[in-house]
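Q: Pasting a predicted model and its sequence here:
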Amino acid sequence: MATDRPRPVTLLDVANEAGVSVSTASRALTGARRVRGDLERRVQEAVESLGYRPNEAARGLRMARTMTLGVLFHRLNSPVSLDLIDGMGAAAHEARYSLAVTSARGDKAQYTSLFRHFYGQRVDALVLIWPRGDLSAHLAPFARAGVPAVGIRWEPGEPGLTVVSADTSAGIAEAMSALAGMGHTQITVIAHGVLWVPPNLRRNYIDQAAEAVGMRLRRRTSRESGQTLREIVTSELASEEPPTVILAGYSEVGEVIASVRALGKRVPEDVSVVSFADSRFGAVAQSEHAAAIDVDSFELGRRIAAVTLEAIENGPPSEDLRIRGLSHWSPGVTIGPAPRR
């Protein structure tokens, strides 16, 4: 039985409207080869005029791809994740890819089924966000199939996994220099959350930057002391050489500020507080506009996706990548001159 449903606009329709060949129209839309500027403009005008929508499923079949990136978070529970997904999604969209996002909910036992699911989906690449443990057995089937894997993790990469991370040295150095310029000489790092890492580049950056400006540094964590965050703040401020600055991860800054004030002390007149902030949505006490060593996690997500898409086309990089220019010092109302003692 006939229907009144209009037939979909095809690439041939676009080519006819633009007055070019189908192959020229295809090249103009996919960017596979350069097309003369006036021809590309005519094709784009025809696309808009006709309301043409490419058939991504058909394109994927022609390229033997699913046009999908499989994204696995070890734990999807922080504002940083929103920035990363947003950035990855933006870059993927530009390349006409989509994201399939899932989480192991902090349980490595879930990895086997999740990796198998992505393998069954025939994703074109894997993006792993803070995975834990040895991944070699999980990655082996993807490596044999030529599917690249890119990830963020604190440890170096392993065979089959390219690690991409933000170089935070510039932002950390800027922060330490600014604080030293305000007369601060003693800083305590609350090493929870994003600052709880074994000796690696981020920890080394903090140590080196503090030493470079003559800042004495103590690192405290409940994982070693068994104390709560509030107990740590209390013991630090009661010590013989109390800090004039406390540095904490973005998710803990609010509690640090509350702990300082609960002791009858003022922020920043008595104690300055600095956040290591990895997210536009983080708990950087937005109403306080806390000072922060900021990291552009949205742009990090974009870069990770770009590396992944490049790996699909040309193979993975020969070594892990650290991206500069994503970290900077952001002063705020939670810092002030060192108090006189």
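A: On my side now, so go ahead.
Q: Low-confidence ranges, the protein, go.
A: Along the chain, segments meeting pLDDT under 70 span 1-7, 23, 30-35, 54-64, 157, 196-199, 278-288.
Q: can you give me the helices in it?
A: Along the chain, counting by DSSP state H, helices occupy 11-18, 22-30, 37-50, 56-62, 79-94, 111-121, 136-144, 169-181, 201-212, 222-225, 229-237, 253-262, 297-314.
Q: Adding mean neighbour count and distance to L321, write those out as TSV.
A: Quick note: C-beta positions are derived from backbone N, CA and C, even for glycine. As requested, the helices of the chain are exported to TSV (neighbours: other C-beta atoms under 10 Å; distance: least, C-beta to C-beta, whole Å):
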stretch	mean neighbour count	distance to L321
helix 11-18	18	37
helix 22-30	18	27
helix 37-50	15	32
helix 56-62	12	27
helix 79-94	20	15
helix 111-121	15	22
helix 136-144	15	18
helix 169-181	20	15
helix 201-212	18	13
helix 222-225	11	29
helix 229-237	19	33
helix 253-262	20	29
helix 297-314	21	6
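Q: Find the nearest non-adjacent residue to V253, please.
A: S275 (4.2 Å; C-beta to C-beta, 6 or more residues apart in numbering).
Q: do you know which of the helices of the chain lies nearest G325?
A: Comparison of those against G325 by C-beta to C-beta identifies helix 169-181 as nearest, at 7.6 Å.
Q: V271: what's it in contact with?
A: L237, P243, T244, V245, I246, V260, K265 (C-beta atoms under 8 Å, 6 or more residues apart in numbering).
Q: what's the farthest-apart pair in the residues you listed?
A: V245 and K265 (13.0 Å).
Q: Compare these two and say which one has the larger neighbour count.
A: V245 (27 against 15; other C-beta atoms under 10 Å).
Q: That one pairs with what?
A: Here V245 sits in beta bridges with I187, S272, as judged by DSSP bridges.
Q: Now do the residue lying closest to T68 once chain neighbours are set aside: how many residues are near it, please.
A: In this structure, T68 finds its nearest non-sequential neighbour in V123, 4.9 Å apart by C-beta to C-beta, 6+ apart. Residues within reach of V123, counting by other C-beta under 10 Å, total 22.
Q: what's the answer for L72, then?
A: 25.
Q: Map the structural domains onto the sequence of this structure.
A: Listed by automatic domain parsing, the domain ranges of the chain are 11-54, 68-164+298-322, 169-296.
Q: Those domains: which one's closest to R340?
A: Closest among those, using C-beta to C-beta: domain 169-296, at 8.8 Å.
Q: now the end-to-end length of that closest one.
A: 13 Å (C-alpha to C-alpha, to the nearest Å).
Q: Surely K265 is in contact with L237?
A: Yes - under the criterion of C-beta atoms under 8 Å, K265 makes contact with L237 at 6.7 Å.
Q: Quickly list what S165 is bridged to.
A: R322.
Q: Was I right to think R220 contacts L195?
A: No - using C-beta under 8 Å, R220 is not in contact with L195, being 10.4 Å away.
Q: which neighbours do the two share?
A: V189.
Q: so which of the contacts of V271 comes closest to S113?
A: Distances from S113 to the contacts of V271, taken by C-beta to C-beta, are shortest for I246, at 41.5 Å.
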